[in-house]
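Asks: sequence and predicted structure are below.
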Amino acid sequence: MDNLLIPIVRTAGSFILLLVVTFAIGKHINAHKNHYSFALSVTIGAFIAHMSFHTSLKFRDIFIAFITLLILFYTLLIFSSRSRVLRGWLSGSPTVLIENGKILDKNMKKVKVSIDDLNQLLREKGVFNITEVEYALLEVSGTLSLIKKKPFQNATKQDLGISNSSQHLPIELIMDGEIINKNASGPYNPEWIEAECKKRNLRVEDIYYAVINTNGQLFIDQYEDQLTSPTDVE
């Protein structure tokens, strides 16, 4: 019985510890997808795996090593915030792949990126014509950042002389046919929601999703989409 209980307790303890660490530094790891955060996340995973399943190792010893890793992480974090050189060494730096519309083949070879890889990265950014690109940088995270040439840049409201009105976060009012009570306050109270439903000859139960969008407009999606041949693709 003890042989069965030990891995169960170790696994539960490791999982709780991982949750605590994730709540503490998870945002930092996810927001900074660089060499430093990648190495940290892999090492944390290895520690947690050993805590859970490697019963021949003492849990206390692994736990001490794990705490040492976190202390080292925060120490380097403090020093790197004060040193640009250290930040560059820990986090890495982006690589310019296209400059002034020209492909930098030497940089491409350094980071082992082929033309096919570059074209795929551009397509993921919605660019199918490489001649539209002025600058392209391969970030440490592996994503591509780019600046299009001026003729291919999207026009802004300022370019079109359109005034910018204030915007706010979306407010979800109905989900799965039920009013979200915590959001149904102020001008968007339950009475207002019911009235808006009646205007459209709908009941709350008929609505799959209703939200006040960033422009202050009400969007409603019904359970019945009334499409003659909806696309059946996941």
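Replies: The structure has been received and is ready for your questions.

Asks: quick check: which element contains the closest residue to residue 180 other than its chain neighbours?
Replies: Distance criterion Cβ to Cβ, 6 or more residues apart in numbering; nearest residue to residue 180, sequence neighbours excluded, is residue 172 at 5.5 Å. (C-beta placed from N, C-alpha, C; glycine too.) If you go by DSSP states H and E, residue 172 is part of strand 171-175.

Asks: one more: residue 196?
Replies: Short version, using DSSP H and E: residue 196 is in helix 190-199.

Asks: now the angle from the following helix or strand past that helix to strand 171-175?
Replies: With elements assigned by DSSP H and E, the helix or strand that comes after helix 190-199 is strand 207-212. Interaxial angle, strand 207-212 versus strand 171-175 (axes from the mean of the first three to the mean of the last three Cα atoms, to 10 degrees): 170 degrees.

Asks: give me the neighbour count for the spatially closest residue to residue 169 that is not a sequence neighbour.
Replies: Among residues not flanking residue 169 along the chain, residue 214 sits closest, at 7.1 Å (Cβ to Cβ, 6+ apart). Counted with other Cβ atoms under 10 Å, residues neighbouring residue 214 total 12.

Asks: wait, residue 214 touches residue 171, no?
Replies: No. Judged on Cβ atoms under 8 Å, residue 214 makes no contact with residue 171 at a distance of 9.7 Å.

Asks: any stretches of this protein with poor pLDDT?
Replies: Low-confidence segments of the chain, defined by pLDDT under 70, are located at 1-4, 25-35, 162-167, 225-234.

Asks: please redo it, this time with the cut-off set to 50
Replies: By pLDDT under 50, the weakly predicted segments of the chain are 229-234.

Asks: could you list the domains of it?
Replies: Domain assignment for the chain by automatic domain parsing gives 2-88, 95-152, 171-222.

Asks: any chance of the ones you listed in TSV, with distance to residue 158 too?
Replies: Formatted as TSV, those follow (distance: least, Cβ to Cβ, whole Å):
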stretch	distance to residue 158
domain 2-88	29
domain 95-152	15
domain 171-222	18
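
Asks: wait, the residue nearest to residue 180 sits on residue 207?
Replies: No. In this structure residue 172 lies outside contact range of residue 207 using Cβ under 8 Å: 11.5 Å.

Asks: who has more neighbours out of the two?
Replies: residue 207 (23 against 14).

Asks: grab the nearest non-local neighbour of the more buried one.
Replies: Nearest residue to residue 207, sequence neighbours excluded (Cβ to Cβ, 6+ apart): residue 174, at 4.8 Å.

Asks: quickly list what that neighbour is bridged to.
Replies: Residue 174 has the following beta-bridge partners by DSSP bridges: residue 179, residue 210.

Asks: how close does it sit to residue 196?
Replies: In this structure, residue 174 and residue 196 are 10 Å apart, going by Cβ to Cβ, to the nearest Å.

Asks: kind regards, and thank you for your time.
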